[in-house]
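Novice: Would you be able to build a 3D model of this:
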Amino acid sequence: MSFFIKDTEIKIGFLFAASVAALLCFDVGPQVQLSVLSGILHEGGHVFALLLLGLLVAPKICKVITIPKNIMIPVVTSLCVIGSFACNNRLFDVGLMFFFGLMGFMMRRFDYPVAPLILAMVLGKMMDSNFRQAVSLASSSDNPFMAMFGHTITIVLSICTLFVLLGNIPWTKPYIDKVKGIFSRKTA
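Specialist: Okay, here's the model as predicted:
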């Protein structure tokens, strides 16, 4: 019957209703928490709700971009202040939110990429814990420095990182460009 239905929403709704009916025939419902079928029913409900939300609500939400900036910026700012204060009920969090907002504004203004900072903030804790684990493992060896930095891949990545960092400093750019020119010359 599903092959003759043209609308995607109706097709998915029919499939979801049929799967719920089939599960209820076997006395398996959402109240059974440990059943695999209940998990499938639960996840299927989330997928159906997200699909329905995407198909019905997304076109109306897209009209938000037509709101003028002089209205949108105060609304977003007030929601950010309320949200940052609501987390811990501290004004320090609001100040922190304004600090990072100002930092993001300055990064955009001076053409610094924002993505590496966000990546560092997201992955920083995991990187720190893995670095601590590596240091503790290396400290048990005879030469901890060579255990950490003596591998070929570590040396290559360290040299690449050094070139990237030095290449962004204005007074070292001519030297870095000269080194790049040596490696980029074609041999005849």
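Novice: I'd like the distance between residue 110 and residue 104.
Specialist: Using CB to CB, to the nearest Å, residue 110 is found at 11 Å from residue 104. Heads up, the C-betas are built off the backbone N, CA and C, glycines and all.
Novice: the more surrounded of these two?
Specialist: Higher neighbour count among residue 110 and residue 104: residue 104, with 14 against 7, using other CB atoms under 10 Å.
Novice: any idea what sits nearest that one, other than its immediate chain neighbours?
Specialist: residue 114 (6.1 Å; CB to CB, 6 or more residues apart in numbering).
Novice: Quick check: which element contains residue 141?
Specialist: Assigned by DSSP states H and E, residue 141 belongs to no helix or strand.
Novice: for the one 4 residues further on, same thing?
Specialist: Assigned by DSSP H and E, residue 145 belongs to helix 144-149.
Novice: List the contacts of that helix.
Specialist: Helix 144-149 is contacted from outside by 134-135, 137-138, 141, 154-155, 158, using CB atoms under 8 Å, 6 or more residues apart in numbering.
Novice: Check stretch 98-115 too.
Specialist: By CB under 8 Å, 6+ apart, the list of residues contacting stretch 98-115 from outside reads 80, 117.
Novice: Tell me which stretches of this protein form helices.
Specialist: Ranges of helices in the chain, per DSSP state H, are 8-25, 36-56, 58-61, 69-88, 91-109, 115-139, 144-149, 152-167, 173-184.
Novice: Could you save the ones you listed as CSV and add columns showing mean pLDDT?
Specialist: Output for the helices of the chain, formatted as CSV (pLDDT from 0 to 100):
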stretch, mean pLDDT
helix 8-25, 54
helix 36-56, 64
helix 58-61, 80
helix 69-88, 91
helix 91-109, 91
helix 115-139, 87
helix 144-149, 81
helix 152-167, 87
helix 173-184, 77
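Novice: Could you give me the ChimeraX selection string for whichever of the contacts of helix 144-149 are buried?
Specialist: Listed next is the ChimeraX selection for buried residues among these, using 16 or more other CB atoms under 10 Å:
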select :138
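Novice: in the helix holding residue 145, what counts as buried?
Specialist: Judged by neighbour count using 16+ other CB under 10 Å, the buried positions of helix 144-149 are 147-148.
Novice: what's the spacing between residue 166 and residue 120?
Specialist: For residue 166, the distance to residue 120 equals 20 Å [CB to CB].
Novice: again but with residue 128, I slipped
Specialist: For residue 128, the distance to residue 120 - CB to CB - is 11 Å.
Novice: before we move on, what about residue 160?
Specialist: 18 Å.
Novice: Residue 97 now?
Specialist: Distance, residue 97 to residue 120, by CB to CB: 18 Å.
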